[in-house]
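Trainee: The following block contains a protein sequence and its predicted model.
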Amino acid sequence: MSKKISVRVLAEIAIFAALGFALDALQSGIFKGVFVNGGSIGFAMVPVFIIAYRRGLIPGLVCGLVLSLVQMLGGVYVISGATYGGAMKFLAPFFQILLDYVLAYTVVGIAGAFAGKYKNSENFNKKALWIVIGTVAGGLAKYITHVLSGGFFWLDPEIEFMGVNGGSWLYTFVYNGAYCIPNIVICTGIMLLIAKVYPVFLNVNEPETAEKTETSDAKIEKEAKVEVVSVKEDK
């Protein structure tokens with residue numbers, strides 16, 4: 001990958017990560033108080049999905065990571081390790097931040113693993129299938145990070161959600177599913193709409209993957225053939 005193209009890809013990552021951050025902040029403000037332990041419904045994952053399908057797995061993961069790190073600049077809520085014993089006294093807050101913040105959007109970029117299948121599909125039905133598979137995979141991966149964090153660090157028997165006691169693992173599945181599942185459905189629908197109405201947005205040309213310029217030797221050989229033809233025509 002050339003330096004020029006690398007800069008372009010990084011610029012796209014930065015732009016879409018910023019857009020994802022803005023959308024996440026907007027939906028978090030709208031749903032503030034609805035999900036008392038965090039969470040919101042919206043389409044903040046869409047910018048990461050777009051990069052993942054435009055550029056592939058690694059750029060998708062990087063975009064998600066950048067979005068996660070920028071989101072952390074707005075503040076993080078860290079559990080106290082005082083209630084844990086041994087090494088977990090120091091490691092528990094680290095793992096909680098990793099699951100709640102660092103990995104939460106990073107794993108959304110997993111959708112990029114299906115970008116090649118999407119681009120190589122010859123009709124919209126197959127393209128739509130790979131859109132659904134990728135967005136569901138990325139969305140479920142995010143859901144799993146929240147479920148694991150909730151199960152390990154946020155269980156509280158004194159609270160409940162939708163009639164489920166907060167002291168059980170069922171609670172974290174139900175609570176996080178209440179906003180993660182709608183997010184997956186919404187974002188999948190938007191990505192399908194983009195693929196249908198403006199497919200070129202997800203199918204960027206990749207000149208960085210193969211050198212299309214001719215080598216000096218090839219140019220000389222081509223020019224020589226042109227000269228020979230020219231001489232024959234003169235005769």
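Mentor: Received the coordinates, thanks.
Trainee: Can you list the low-confidence ranges for the protein?
Mentor: Residue ranges of the chain with pLDDT under 70: 1-5, 82, 205-235.
Trainee: And for the residue most central in space within the chain, nearest residue in space, chain neighbours not counted?
Mentor: Centroid-nearest residue in the chain, with C-alpha atoms, centre = their mean: Gly109, separated by 3.0 Å. Spatial nearest neighbour of Gly109, excluding adjacent residues (C-beta to C-beta, 6 or more residues apart in numbering): Gly60 at 3.2 Å. Every residue, glycine included, has its C-beta placed from N, CA and C.
Trainee: Return the residues in contact with the one you found.
Mentor: Listed by C-beta atoms under 8 Å, 6 or more residues apart in numbering, the contact partners of Gly60 are 48-49, 51-53, 108-112, 115, 138.
Trainee: ok, which stretches of the chain are strands?
Mentor: With DSSP state E as the criterion, the chain has strands at 160-161, 164-165.
Trainee: Tell me the strands beside the last one, with direction?
Mentor: The one in question is strand 164-165. As defined by DSSP bridges, the strand partners of strand 164-165 come to strand 160-161 (antiparallel).
Trainee: And for the partner strand, what's in contact with it?
Mentor: Contacts of strand 160-161 with the rest of the structure, by C-beta under 8 Å, 6+ apart, involve 166, 171, 174-175, 178.
Trainee: Measure how far it is from the centre of its chain, please.
Mentor: 30 Å (C-alpha atoms, centre = their mean, to the nearest Å).
Trainee: Would you map the helices across the protein?
Mentor: Counting by DSSP state H, the chain has helices at residues 3-30, 46-55, 57-73, 88-97, 103-106, 115-120, 124-153, 169-197, 216-234.
Trainee: quick one: which of those helices is nearest Ser40?
Mentor: The minimum distance between Ser40 and these falls on helix 3-30, with 4.3 Å, by C-beta to C-beta.
Trainee: Contacts only, for the residue nearest to Pro157 when sequence neighbours are not counted.
Mentor: Nearest non-adjacent residue to Pro157, counting by C-beta to C-beta, 6+ apart: Gly167, 3.1 Å away. Applying C-beta under 8 Å, 6+ apart, one finds that Gly167 lies in contact with 155-157.
Trainee: Let me see the backbone angles for Gly167.
Mentor: Here the main-chain torsion angles of Gly167 (degrees, to the nearest 10) amount to phi -100, psi 0.
Trainee: So which of the contacts of Gly167 wins on neighbours?
Mentor: Leu155 (15 neighbours; other C-beta atoms under 10 Å).
Trainee: From Ser68, how far off is the nearest residue to it once chain neighbours are set aside?
Mentor: Of all residues not flanking Leu155 in the chain, Gly167 sits nearest, at 5.4 Å (C-beta to C-beta, 6+ apart). From Gly167 across to Ser68, the span is 29 Å (C-beta to C-beta, to the nearest Å).
Trainee: hang on, the earlier thing: ok, of the contacts of strand 160-161, which one's closest to Leu99?
Mentor: Tyr175 (14.5 Å).
Trainee: Just give me the neighbour total for the nearest residue to that closest one once chain neighbours are set aside.
Mentor: Spatially, and ignoring its direct neighbours in sequence, Tyr175 is nearest to Phe161 (4.7 Å; C-beta to C-beta, 6+ apart). Close neighbours of Phe161, defined as other C-beta under 10 Å, add up to 16.
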